[in-house]
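S.K.: Here is my input; please provide its structure:
(one chain, ligands or ions: 1)
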Amino acid sequence: MSGAMTERHTLGEDEAAPLAGLAARVRELIEAAVLTDVGRDEARAVADEIAALTERLRAVRRDAPPFLVTGAHRIDRQAGNPVSGPLNPVAPPVDLDATADGIVRGEFTLNDVYEGPPSYVHGGVSAMVLDQALGMAAAQTGVGGMTATLELRYRRPTPLGMPLTVEAKASRVEGRKIYASGTITGPDGRVTVEATAMFVTPQNFLVQER
Ligand SMILES: CCCCC/C=C\C/C=C\C/C=C\C/C=C\CCCC(=O)SCCNC(=O)CCNC(=O)[C@H](O)C(C)(C)COP(=O)(O)OP(=O)(O)OC[C@H]1O[C@@H](n2cnc3c(N)ncnc32)[C@H](O)[C@@H]1OP(=O)(O)O
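M.R.: Okay, here's the model as predicted:
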């Protein structure tokens, strides 16, 4: 179980770079594991080597994923975020940036690790990317919040292995509720997924921040 956000270690850039390099190698390993056609003996031998490497990393272990120095908000500084976290091999990662007018945007490509229907992106993966982008857009209005609702419209299949764009923007704020919408666009410029969401700033979070 991860500790509270306030207890997180913040990584300096010098500390983060080699760990991001490690995650990039593990990302390659995950794809290799999904696509490999080695024989049974080789699969077992590689599994044993990986187990030994895992033990080396576990030798010195944090209680919870660390934060990055960069990023204006606490959640978008999460180094282990499963969408944008450079230290998380499960994250593509999607590098999300916000413009001065509050638009959150990122370009990314998803490989076979994220396959849902054959040759297309898994719908849950698209939802995860949009949840993150819309959540960051909501945070651009001030505090941000937890996803209370997320509605997706899958307009056409999202291709694997091709450059995709995610874009999101908050539309309005009503008390602790923040509404946002966004899209994933394919390489041909056509929208593949549309999303709308409502984020709610938890009451106790506002109390903590005072
Ligand atoms: C750990 C704290 C984090 C806080 C976040 C703060 C800042 C964020 C900063 C930066 C963010 C940067 C990037 C964001 C990145 C990623 C986004 C991904 C986020 C997630 O991946 S997040 C995981 C999935 N998410 C959950 O796990 C939520 C579980 N849930 C709850 O934690 C509570 O349920 C909560 C907090 C939602 C509300 O709880 P609460 O007690 O604060 O609010 P309360 O019940 O008083 O409702 C107040 C008004 O919202 C209406 N309302 C509430 N919930 C509704 C719903 N679901 N549908 C329709 N309306 C709803 C009520 O009807 C009332 O409306 P009205 O005032 O009009 O009556």
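
S.K.: hey, let's count contacts and neighbours off CA atoms from now on
M.R.: Fine.

S.K.: ok now do the spatially most central residue of the chain, which residues does it touch?
M.R.: By Cα atoms, centre = their mean, the mean C-alpha position of the chain lies nearest to residue 83, the distance being 0.8 Å. Residues in contact with residue 83 (Cα atoms under 8 Å, 6 or more residues apart in numbering) are 90, 91, 92, 93, 94, 128, 129, 132.

S.K.: Reformat these as a markdown table; add secondary structure.
M.R.: Converted to a markdown table, the contacts of residue 83 look like this (DSSP: H, G, I helix; E, B strand; the rest coil):
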| residue | secondary structure |
| --- | --- |
| 90 | coil |
| 91 | coil |
| 92 | coil |
| 93 | coil |
| 94 | coil |
| 128 | helix |
| 129 | helix |
| 132 | helix |
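
S.K.: and these, which are buried?
M.R.: Among those, those scoring as buried are 90, 91, 92, 93, 94, 129, 132 (criterion: 16 or more other Cα atoms under 10 Å).

S.K.: so which of these also contact the ligand?
M.R.: residue 132 (Cα under 6 Å from any ligand atom).

S.K.: Just name the closest of the contacts of residue 83 to the ligand, please.
M.R.: Among these, residue 132 lies closest to the ligand (Cα to the nearest ligand atom), at 3.9 Å.

S.K.: how near is the closest residue to that closest one other than its chain neighbours to residue 14?
M.R.: Leaving out its chain neighbours, the residue that sits closest to residue 132 by Cα to Cα, 6 or more residues apart in numbering is residue 83, at 6.9 Å. Noted for residue 83: a distance of 22 Å to residue 14, by Cα to Cα, to the nearest Å.

S.K.: Tell me how this protein divides into domains.
M.R.: 1-89, 94-209 (automatic domain parsing).

S.K.: Just say which of those domains is most tucked in.
M.R.: Neighbour counts (mean count of other Cα atoms under 10 Å) averaged over each of the domains of the chain peak at domain 94-209, with a mean of 18.

S.K.: just the residues of the protein that are near the ligand, which are they?
M.R.: Near the ligand, when you scan the chain using Cα under 6 Å from any ligand atom, you find 73-76, 131-132, 135-136, 139, 143-149, 200-203, 205.

S.K.: Tell me which of those residues fall in strands.
M.R.: Among those, the residues falling in strands (DSSP state E) are 146, 147, 148, 149, 200.

S.K.: Quick check: of these, which lies closest to residue 69?
M.R.: residue 146 (22.1 Å; Cα to Cα).

S.K.: looking at it, the closest one is touching residue 205, isn't it?
M.R.: No - using Cα atoms under 8 Å, residue 146 makes no contact with residue 205, being 10.2 Å away.

S.K.: can you pull out the strands in the protein?
M.R.: Under DSSP E, the chain gives strands at 10-11, 67-68, 97-98, 104-108, 146-154, 164-174, 177-185, 191-200.

S.K.: Next, the angle from the last one to strand 164-174.
M.R.: Comparing the axes of strand 191-200 and strand 164-174 via axes from the mean of the first three to the mean of the last three Cα atoms, to 10 degrees yields an angle of 30 degrees.
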